[in-house]
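S.K.: Need the 3D shape of this:
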Amino acid sequence: MASSVPEWIDRDFCERLVERIQEGSELISWVAEPLAVSGDNYSSILYRVSLRTSTNTFSLVVKSLPQGSMMREYMLSDGIFSKEVELYQKVFPAMYSFYVDHGGNISYFCPQSYPSPISDTVVLQDLQPLGYTLRSRQEQFNMDHSAFAMKTLALFHGLSVGLHSRNSKLVECYKENIYTTRKKEVMRDYTNLMLMDLASEVETWIGFERFGNKIRDYSKTVLDTWINIYEQVDGFFLVLNHGDFWTSNMLFRYSDSGKIEDLKLIDFQYSKYAPAVLDILYLLYSSVQESVRKECIDELLGEYLAVLRETLDIVGCSERLPSLKRLKKEMRDKMDLVAMVALTILPAMVANEEEMANFGTLADEASSLGGVQNPIQKSIKGNRFRQILPSILIDLERDGIL
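M.R.: Numbers count the residues shown, from 1 in each chain. Now for the predicted structure:
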């Protein structure tokens with residue numbers, strides 16, 4: 001076994017896993033290896049576990065807590081891993097069954113989940129052998145990929161509305177997010193440091209010098225503003241959000257000719273019952289090419305609404321369908337989410353290997369260096385981020401956010 005695979009992924013773990021997946025089978029052999037490089041996953045660590053049994057072979061992805069003390073404690077204290085396990089094991093099957101019971105026929109929108117032998121781990125079907133692949137984090141979506149993502153998101157949102165109509169408590173219980181009043185003090189130092197460093201960087205960009213002070217001014221009330229994104233939801237079209245809907249949480253499968261055949265969603269740790277437009281804005285400003293976002297927005301929203309309408313019709317909730325006009329208004333009302341994504345998360349999303357942030361070991365590094373450290377200090381100087389951010393800053397200025 002490679003030294004980077006934890007000791008708890010051993011033969012005993014694999015044998016207990018086999019018992020849960022295929023009762024009566026005997027484990028013959030197993031192999032485990034790290035699945036992602038440092039920087040690709042900030043709130044978890046992934047391993048591929050290949051099992052050969054007396055009756056079959058399985059390739060699985062095992063997701064565990066991050067190594068860094070701050071992120072590990074954060075994930076444990078908020079029950080984020082247990083929440084994701086519950087979503088995979090209880091909520092998503094209920095969403096799917098409700099849809100099928102009403103005559104719907106769809107492929108599952110996420111990988112199959114299996115019961116884990118130990119707590120605080122998620123065990124999923126490995127989609128790679130089935131032809132699913134991740135796209136480059138730095139390569140933003142063209143129209144085809146953007147439209148497919150929008151349609152898959154609409155299906156997911158619509159299924160959650162259907163389940164909500166049957167069992168509202170099962171959906172509404174997911175109300176926590178990274179920015180809440182309860183976590184305000186924890187987030188303050190890191191958020192302020194990231195924005196101050198970004199302001200200093202942006203004001204060196206020719207033609208964008210004014211945004212340095214705009215970002216500094218915005219930082220004065222930013223935590224209350226970002227908390228309100230999630231806590232002020234009256235009057236909005238509410239769904240179970242994915243919560244982190246960007247390139248690296250989608251796996252595409254293509255035909256031999258390169259046509260998109262299917263899309264699976266992964267990483268639901270930050271799912272929340274909240275306005276649907278939060279997922280839409282997150283996608284548009286983290287993962288969609290600027291030209292597509294600006295020139296094809298009505299077409300993309302039309303694709304979303306068409307699938308949403310079909311899904312809501314099937315589950316008997318057509319009266320909840322929002323209009324295009326309402327959807328656009330709600331997007332304008334929640335543009336502060338774009339600032340949150342662009343100013344604190346996007347640098348890490350589009351960083352290359354040398355620029356990658358490492359949120360997973362954040363507290364350990366801060367302690368060794370004698371104070372709070374900016375996890376995106378390298379990322380904000382990245383070339384790709386420098387290419388993408390300017391047009392977003394213009395949008396935020398236009399809409400009165402900055």
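S.K.: ranges for the helices of the stretch 301-402 of the chain?
M.R.: Ranges of helices in the stretch 301-402 of the chain, per DSSP state H, counting those that start in this stretch, are 324-333, 336-340, 346-349, 362-369, 383-398.
S.K.: Compare those and give me the one nearest Gln138.
M.R.: Ranking those by proximity to Gln138 (CB to CB) places helix 383-398 first, at 4.9 Å. To be clear about C-beta, it is placed using only N, CA and C from the backbone, and glycine gets the same treatment.
S.K.: Only the C-alpha atoms, please, for that closest one, written as CSV.
M.R.: Taking Å, rounded to 0.1, in the frame of the first residue of the first chain, the C-alpha atoms of helix 383-398 are listed here in CSV:
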residue,chain,number,x,y,z
ASN,A,383,-2.8,34.1,-14.6
ARG,A,384,-6.2,32.4,-15.1
PHE,A,385,-7.8,34.3,-12.2
ARG,A,386,-6.4,37.5,-13.7
GLN,A,387,-8.2,36.7,-17.0
ILE,A,388,-11.5,35.9,-15.5
LEU,A,389,-12.1,38.3,-12.6
PRO,A,390,-12.1,41.7,-14.4
SER,A,391,-15.5,41.1,-16.2
ILE,A,392,-17.0,39.9,-13.0
LEU,A,393,-15.8,43.0,-11.2
ILE,A,394,-17.5,45.1,-13.9
ASP,A,395,-20.8,43.2,-13.4
LEU,A,396,-20.6,43.7,-9.6
GLU,A,397,-20.0,47.4,-10.1
ARG,A,398,-22.9,47.6,-12.5
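S.K.: Which parts of it count as buried, going by neighbours?
M.R.: 384-386, 388-389, 392-393, 395-396 (16 or more other CB atoms under 10 Å).
S.K.: Relative to Asp298, which of those is nearest.
M.R.: So of the buried residues of helix 383-398, ranked by how close each gets to Asp298 (CB to CB), first place is Asp395, at 16.3 Å.
S.K.: what residue ranges in this protein score low on pLDDT?
M.R.: Low-confidence segments of the chain, defined by pLDDT under 70: 1-3, 36-42, 67-78, 176-184, 186, 355, 357-375.
S.K.: And for the residue nearest the centre of it, nearest residue in space, chain neighbours not counted?
M.R.: Among the residues of the chain, Asp244 comes closest to the average C-alpha position under CA atoms, centre = their mean, at 2.2 Å. Of all residues not flanking Asp244 in the chain, Tyr270 sits nearest, at 4.8 Å (CB to CB, 6 or more residues apart in numbering).
S.K.: Repeat that for Ala199.
M.R.: Closest to Ala199 by CB to CB, 6+ apart is Ile215, at 4.0 Å.
S.K.: pretty sure that neighbour is touching Leu343, no?
M.R.: Yes. Using CB atoms under 8 Å, Ile215 is in contact with Leu343, at 6.8 Å.
S.K.: residues bridging contact with these two, i.e. touching both?
M.R.: 195, 198 (CB atoms under 8 Å, 6 or more residues apart in numbering).
S.K.: outside of stretch 226-240, which residues touch it?
M.R.: Applying CB under 8 Å, 6+ apart, the external contacts of stretch 226-240 come out as 91, 156-158, 160-161, 163-164, 171, 174, 177, 179-181, 184, 271-279, 320, 322, 326-327, 330, 333-334, 336-337, 340.
S.K.: Sort out which of the residues you listed are in strands and list them.
M.R.: The members of these that map onto strands under DSSP state E are 272-275.
S.K.: any idea which of those residues is closest to Tyr96?
M.R.: Using CB to CB, Tyr273 is the member of the ones in strands among the contacts of stretch 226-240 that lies nearest Tyr96, at 18.0 Å.
S.K.: just to revisit the earlier point, tell me the buried residues within the contacts of stretch 226-240.
M.R.: Buried among these (16+ other CB under 10 Å): 91, 156-158, 160-161, 163-164, 171, 174, 177, 179-180, 271-279, 320, 322, 327, 330, 333-334, 336-337, 340.
S.K.: from what I can see Leu346 touches Leu389, true?
M.R.: Yes. With contact defined as CB under 8 Å, Leu346 counts as touching Leu389 (6.9 Å).
S.K.: Name the residues of the strand or helix carrying the residue nearest to Ala199 that are buried.
M.R.: For Ile215, the element it lies in under DSSP states H and E is helix 210-219. Neighbour counts over helix 210-219 (16+ other CB under 10 Å) mark 211-212, 214-216, 218-219 as buried.
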